[in-house]
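>>> the following block contains a protein sequence and its predicted model.
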Amino acid sequence: MKRPMSLLKFLLSGVIAFGLGVPSWATSVKLETSRIFIEYNSSAGDLGFQVSLDAEEWKSFKIINPKGLTIFQVDGKGPYGRLGLSELFFEGAEPTLDTFPLDDLLALFPEGRYQFIGVTTEGTRISGTSTLTHAVPNGPSVSTDVNGENVVIHWEPIPGVPAGFPQERITIGGFQVIAERENPHRELSIDLPATATSVTLPPEFLEPKTHYAFEVLTIETGGNQTITEGSFDTP
């Protein structure tokens, strides 16, 4: 005998909740943030998968891939189990593509919808989803113009995808420029629209006779991003 669809959904939610120690009747709350995305470094030739999530006072979380496999789980213990957590961001290992073939790496994280399922300290079920694609944008060609106190970072977008990557349709959503120095460490991050091709660093960020490293991140609308690295020295 076929069960009514509503009953099947109830039973399924109960099974999922039981796996995290949540009562099947618990109220479900939507995550504020749930993301899984690819970061490719075109300068270093490495690639990794990053995750960010945000919810209030959670004590347990797991991520399920499109094939139904749990690929990550975290449980707060002691004070964290009692008080809960909020934001969580982590990066997976980023092997170079000459040591870990791209096809094998992408196969570990198939395209599709990833489920984020968690539990609050009060036993409320929280959930969210994120759609992962393999659409990775090409990194741009970058250059710098250092003139006295003025430093301008330029880039020329390169359409399409990096050599050897799946031929996906690419739509650029924006750019991010991150510049930093060491001793003492200081970092600057600037978000820019998809039409931008340069940014002028604020003079108050710069010190004379100092080496700076920077990254230009090309961000695809699906969330994947490609890093192009550069550096400059102030006079």
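That came through fine.
>>> which helix or strand contains the closest residue to residue 127 other than its chain neighbours?
Sequence neighbours aside, residue 117 is the residue nearest to residue 127 in space, at 5.1 Å (criterion: C-beta to C-beta, 6 or more residues apart in numbering). Every residue, glycine included, has its C-beta placed from N, CA and C. Per DSSP states H and E, residue 117 falls inside strand 112-120.
>>> pLDDT on the helix or strand following that strand, on average?
Moving toward the C-terminus from strand 112-120, the first helix or strand encountered (DSSP H and E) is strand 125-132. Model confidence over strand 125-132, given as mean pLDDT, is 96.
>>> what lines up beside strand 125-132 in the sheet?
When pairing is defined by DSSP bridges, strand 125-132 lines up against strand 28-30 (parallel), strand 112-120 (antiparallel).
>>> is residue 179 in a bridge, and if so with what?
Going by DSSP bridges, residue 179 forms beta bridges with residue 188, residue 214.
>>> doesn't residue 210 make contact with it?
No. If you go by C-beta atoms under 8 Å, residue 179 and residue 210 don't touch, sitting 11.1 Å apart.
>>> who has more neighbours, the two?
Neighbours per residue (other C-beta atoms under 10 Å) separate residue 179 from residue 210, with residue 179 holding more: 24 against 14.
>>> any idea how far the more buried one lies from residue 88?
Counting by C-beta to C-beta, to the nearest Å, the gap from residue 179 to residue 88 is 26 Å.
>>> now do the contacts for residue 121.
Under the criterion of C-beta atoms under 8 Å, 6 or more residues apart in numbering, the contact list for residue 121 reads 57, 58, 59, 81, 82, 83, 84.
>>> the second one pairs with what?
It refers to residue 58. Applying DSSP bridges to residue 58 yields these beta-bridge partners: residue 85, residue 120.
>>> is it true that it touches residue 122?
No. The pair residue 58 and residue 122 fails to qualify as a contact (C-beta under 8 Å) at a distance of 10.0 Å.
>>> looking at those two, which is more packed in?
When neighbours are counted by other C-beta under 10 Å, residue 58 comes out ahead of the other of residue 58 and residue 122, with 23 against 10.
>>> how close does the more buried one get to residue 225?
Counting by C-beta to C-beta, the gap between residue 58 and residue 225 amounts to 26 Å.
>>> do I have it right that residue 110 meets residue 71?
No. Checked against C-beta under 8 Å, the pair residue 110 and residue 71 is beyond contact range at 10.4 Å.
>>> need the overlap of contacts for those two.
Joint contacts of residue 110 and residue 71 (C-beta under 8 Å, 6+ apart) are residue 65.
>>> between those two, which is the more surrounded one?
Applying other C-beta under 10 Å to residue 110 and residue 71 shows that residue 71 carries more neighbours, namely 16 against 13.
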